[in-house]
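Peer 1: build me a model from this:
(2 chains)
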Amino acid sequence: MAANTDSRSNDLTSEELIRRAADLIPVLKSRAPHTEEIRRVPSETVQDFLSSGIHRIGVPPRFGGLDVDYGSMLEVATELARGCGASSWCYALWVAHSYLIGHWPMQAQEEVFGEGPDALCSSSLNVGKSTTQQVRGGYRLNGHWEFSSGCDSADWLMLGLHGISERAFFLVPRSDFEIIDNWFVSGLRGTGSKDIVVEDAFIPNHRVLDVHGVGDGSGTGWELHGQDRYRMPIPVLMGWDLVAPAIGMAQSMIDEFTARIIGTSGPGRTADSPAIHLRLSEASAEVDAGMALMRSDIKEMFEKARTGDPFTPLDRARFRRDKAFVVQLGLRAVNRLFDLSGGHALFESVVIQRIHRDMQAAAHRDGLIMDLGGQQYGRVALGLEPDGRV
Amino acid sequence: MAANTGSDVKNPTSDELLQRAVNLVPMLKSRAAHTEELRRIPEETVRDFLASGLNRIDVPNRFGGLDVADGLVFWVGAELARGCASSAWCYSVWSANAFMVGFWPLQAQEELYADGPDVLFSSSLTPGASTIETVSGGYRLKGRWEFSSGCDSASWLILGVTGVGDGGRTWVLVPRQDFEIVDTWFVSGLRGTGSKDIVVADAFIPGYRMLDVGKAGNGDFTGWEIHGQAGYRIPIPVLLGWDLVAPMVGIAQGMIDEFTARLVGTSGPGKTAESEVIQIRLAEASAEVDAGRLMMHHDIRETFEKAEAGETFTPLEQSRYRRDRAFITQLCLRSVNRLFDVSGGHALFDNEALQRFHRDAHAVAHRDSLIMDLGGQAYGKVALGLEAE
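Peer 2: I've put the predicted structure just below:
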């Protein structure tokens, strides 16, 4: 893609950003095999994300970010996934983390975005094997974390911890962590979701965020930025950044399956087969339903944030349920089409098998598995206390 | 495993042979990653199959085989797949082909087994882009075929052709020196099967190396007359295909074994042995595999009983076996997906058996005949009074 001369403009509309994402699809698709091979997002792709301005949806406007709805990022990620699931996955996570940084004390935000809005932040939010020790002005941190998607391109990491509070996130600069390349996997190979090691780093107090209650009502983020996204509990908004790439991958399966079969005729696996018609109808209805549910939930969440309505435990459990359910709908659609794609669809040069592998990997996030992430809703709806994070 | 000296025993029982398959499972499992990397069955594994005598189960007695005509080869294929799906798949295909060559005229069979019973036959039965023309004493063959599992270890191939004889399906036998292997096998599942492309530049096929598939065991009783074994009274399409279903049942069982081993002894919230949702998933998945295995046993036993009794197979029965092969495959695929779907991020790593079983199961289930929509549909058609294809 040609560099956009107006990429530094701060009045890019949501429509324009989604159009730019759509323009990136062919190049992402052509780089997808290379992305798998190097097992990280190529720097050309990172450059495309930055120069197109789509990354700045997550950056607070005072640091050069765009003042558009957070939901635009989900639409952009869905588009990007039609080209490359792994690239979309990292894009969405980087944007989500840029937004999260807005919750930290101002000093930390200035450190991250002091040089401009193009800083990328990856994470490993599950509490790894780590120890912290309180020292004057902050903490000493040691530990090992897993699954840090996009970490090779990150200037900063957010690492999950407990011990200081129920759950805290630490911001750690590139100089303080090492990447261990263990990302040899069956799906989402291009995300480079490698292990992270921190050896005896000093973390000043202002780089620590006690996650509990952040965004619930008002808080630092809301006071500093006045954006609705900062009046929303973190667990409600986080997670959609994984759902959008997943449902986009499912859409790309429909695109590819259709392209392979359109114009064919005769017996067997052709455009004449009623069995194929039925499968395609079911799969595309599943993807459309998933996208509609995602959009409706996002709209409802932001209306609540705007009016200051509280998020009840049932609301929270429902949003969590829906994140898992939308991904499972997408997974079902992908399996449905892959399952009758035949032996030729198994070759590494064929896109369909990559989408299938990537979709399995996306759906392997505990939060997106119905049995684990989705179950809470049933509990809360039956009057029990949630037994996990909602 | 120590080299199995049991192959010296002239008449091992079926139980003994099945036990030899069970004994091979840990070794196959330890070589599974290497087998994927090689994209073919390692020579050590081929040697183990030969040393165990398991390859002789379907080789006719007169050529030094065991000629066990009761479906044993399928139970062995299922067992081996618990260790390595690709190895089981090739074992199963080689064995099915060893059975099938018994349908050919005796002269062809004698050539195949001139050096003893330990010959491996691969195949590509879907007619590829090939041409065959009749010449004096036989045919001239040229063409290209796909998906020839285990071809690297094969001394002969069975290739599907069309356009000669009555115009139906015909198979020809081609010796190693008459075909070339093109290494195209870069795939997402069953990587170890080395199911590569085959090219025949210009080979002479003597007339006796050709088989009219529609007539074999179904009007042409050459195999029955030579071997006196009931299997050769079964039309080829009735029995062929179980060799692919058997490894699928074993893959699904291997998935259950692995999933259980990972979770046994764990406790607490989330993905542990104490989770009721995990317990339900495992209950459903194992019921699916047990149901699939029992249906396979039932159908194969019924097929051999009918053949022993000299009964024929109605179109409805033939399409029912076809339906069941697709259905069992889909049951097993569902079971594999059910467990893989809750296995979490750690199960994605290349060194994890769970993701390999999952990829292999999908590759098996991509055979057209094992897809319900394609292979299974015929039963509905016949049951509704229409003609089968």
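Peer 1: now A:Phe184: how far from chain B?
Peer 2: Distance of A:Phe184 to chain B, computed by C-beta to the nearest C-beta, to the nearest Å: 4 Å. Yep, even glycine has a C-beta here, placed from its N, CA and C like the rest.
Peer 1: got the contact list for that residue?
Peer 2: By C-beta atoms under 8 Å, 6 or more residues apart in numbering or on different chains, A:Phe184 lies in contact with A:Arg39, B:Phe349, B:Asp350, B:Asn351.
Peer 1: try 6 Å this time
Peer 2: Neighbour list for A:Phe184: B:Asp350 [criterion: C-beta atoms under 6 Å, 6 or more residues apart in numbering or on different chains].
Peer 1: just the pLDDT at it, thanks.
Peer 2: A:Phe184 carries a pLDDT value of 97.
Peer 1: which stretches in the stretch 1-150 of chain B count as helices?
Peer 2: Applying DSSP state H, counting those that start in this stretch to the stretch 1-150 of chain B gives helices spanning B:14-38, B:43-52, B:72-81, B:85-100, B:106-112.
Peer 1: quick one: closest of those helices to chain A.
Peer 2: The minimum distance between chain A and the helices of the stretch 1-150 of chain B falls on helix B:14-38, with 11.0 Å, by C-beta to the nearest C-beta.
Peer 1: low pLDDT regions in the stretch 101-250 of chain B?
Peer 2: Along the stretch 101-250 of chain B, segments meeting pLDDT under 70 are nowhere present.
Peer 1: recalculate using a threshold of 90.
Peer 2: B:127-128, B:163-169 (pLDDT under 90).
Peer 1: please list the residues of it that sit near chain A.
Peer 2: With C-beta under 6 Å from any C-beta of the partner chain as the criterion, the stretch 101-250 of chain B comes near chain A at residues B:Phe147, B:Phe186, B:Val187, B:Ser188, B:Gly189.
Peer 1: nearest residue to the fourth one in space, please, no chain neighbours.
Peer 2: Closest residue to B:Ser188 apart from its sequence neighbours, by C-beta to C-beta, 6 or more residues apart in numbering or on different chains: A:Gln353 at 4.2 Å.
Peer 1: just confirm the one you found is within a helix.
Peer 2: Yes. The assignment for A:Gln353 is a helix, going by DSSP: H, G, I helix; E, B strand; the rest coil.
Peer 1: quick check, it in contact with B:Phe186.
Peer 2: No. With contacts counted by C-beta atoms under 6 Å, A:Gln353 stays clear of B:Phe186, the gap being 10.6 Å.
Peer 1: ok, the two, which is more surrounded?
Peer 2: Shown here are A:Gln353 and B:Phe186; by other C-beta atoms under 10 Å in any protein chain shown, A:Gln353 has more neighbours (23 against 11).
Peer 1: contacting residues for the more buried one?
Peer 2: A:Gln353 sits in contact with A:Ala345, A:Leu346, B:Ser188, where contact means C-beta under 6 Å, 6+ apart.
Peer 1: find the nearest non-adjacent residue to the closest residue to chain B within the stretch 151-300 of chain A, please.
Peer 2: Nearest residue of the stretch 151-300 of chain A to chain B: A:Ala275, at 3.7 Å (C-beta to the nearest C-beta). Closest residue in space to A:Ala275, ignoring its immediate chain neighbours: B:Asp373 at 3.7 Å, by C-beta to C-beta, 6+ apart.
Peer 1: tally up the residues packed near the one you found, please.
Peer 2: Neighbour tally, B:Asp373, other C-beta under 10 Å: 19.
Peer 1: do the same with the one 5 residues further on
Peer 2: Neighbours of B:Ala378 under the rule other C-beta under 10 Å: 21.
Peer 1: is there proximity between the longest helix seen in chain B and chain A?
Peer 2: When chain B is scanned for its longest helix (criterion: DSSP state H), the result is helix B:276-308. Yes. If you take C-beta under 6 Å from any C-beta as the test, helix B:276-308 does meet chain A, through B:Val277.
Peer 1: and that helix, what's its mean pLDDT?
Peer 2: The average pLDDT within helix B:276-308 is 93.
Peer 1: what separates that helix from the chain centre, distance-wise?
Peer 2: Mean-position distance between helix B:276-308 and its chain equals 17 Å (C-alpha atoms, centre = their mean, to the nearest Å).
Peer 1: now the residue nearest in space to the middle of chain B: closest residue in space that isn't a chain neighbour?
Peer 2: Among the residues of chain B, the one closest to the centroid is B:Asp243, at 2.9 Å (C-alpha atoms, centre = their mean). Leaving aside its chain neighbours, B:Asp243 sits nearest to B:Ala96 (3.7 Å; criterion: C-beta to C-beta, 6+ apart).
Peer 1: count of neighbours near that neighbour?
Peer 2: B:Ala96 - counted by other C-beta under 10 Å - has 23 other residues nearby.
Peer 1: now, which of the residues of the stretch 101-250 of chain B next to chain A lie within helices?
Peer 2: Using DSSP H, none of those sit in helices.
Peer 1: which of these are buried?
Peer 2: Neighbour-count burial (16 or more other C-beta atoms under 10 Å in any protein chain shown) is assigned, among these, to B:Phe147, B:Val187, B:Ser188, B:Gly189.
Peer 1: can you name the two of the residues you listed that sit furthest apart?
Peer 2: B:Phe147 and B:Ser188 (14.2 Å; C-beta to C-beta).
Peer 1: how far is the helix or strand hosting B:Ile226 from where the chain is centred?
Peer 2: Assessed by DSSP states H and E, B:Ile226 sits inside helix B:222-227. Between the centre of helix B:222-227 and the centre of its chain there are 23 Å (C-alpha atoms, centre = their mean).
Peer 1: ok, and what's touching the helix or strand that it is followed by?
Peer 2: Next along the chain after helix B:222-227, taking DSSP H and E as the criterion, comes helix B:236-239. By C-beta under 6 Å, 6+ apart, the surrounding residues in contact with helix B:236-239 are B:Val213, B:Ala216, B:Gly217, B:Phe313, B:Gln318, B:Tyr321.
Peer 1: burial count for the residue of the stretch 151-300 of chain A closest to chain B?
Peer 2: 16.
Peer 1: any idea how far B:Val101 is from it?
Peer 2: Look at A:Ala275 and B:Val101: by C-beta to C-beta, to the nearest Å, they are 35 Å apart.
Peer 1: try A:Val350
Peer 2: From A:Val350 to B:Val101 the distance is 33 Å (C-beta to C-beta).
Peer 1: those two: which has the busier surroundings?
Peer 2: The residue with more neighbours, out of A:Val350 and B:Val101, is B:Val101; 25 against 16, by other C-beta under 10 Å.
Peer 1: show me what contacts that one?
Peer 2: Contacts of B:Val101 (C-beta under 6 Å, 6+ apart): B:Leu112.
Peer 1: may I see the buried residues of stretch B:196-206?
Peer 2: Neighbour count says stretch B:196-206 has B:Lys196, B:Asp197, B:Ile198, B:Val200, B:Ala203, B:Ile205 buried, by 16+ other C-beta under 10 Å.
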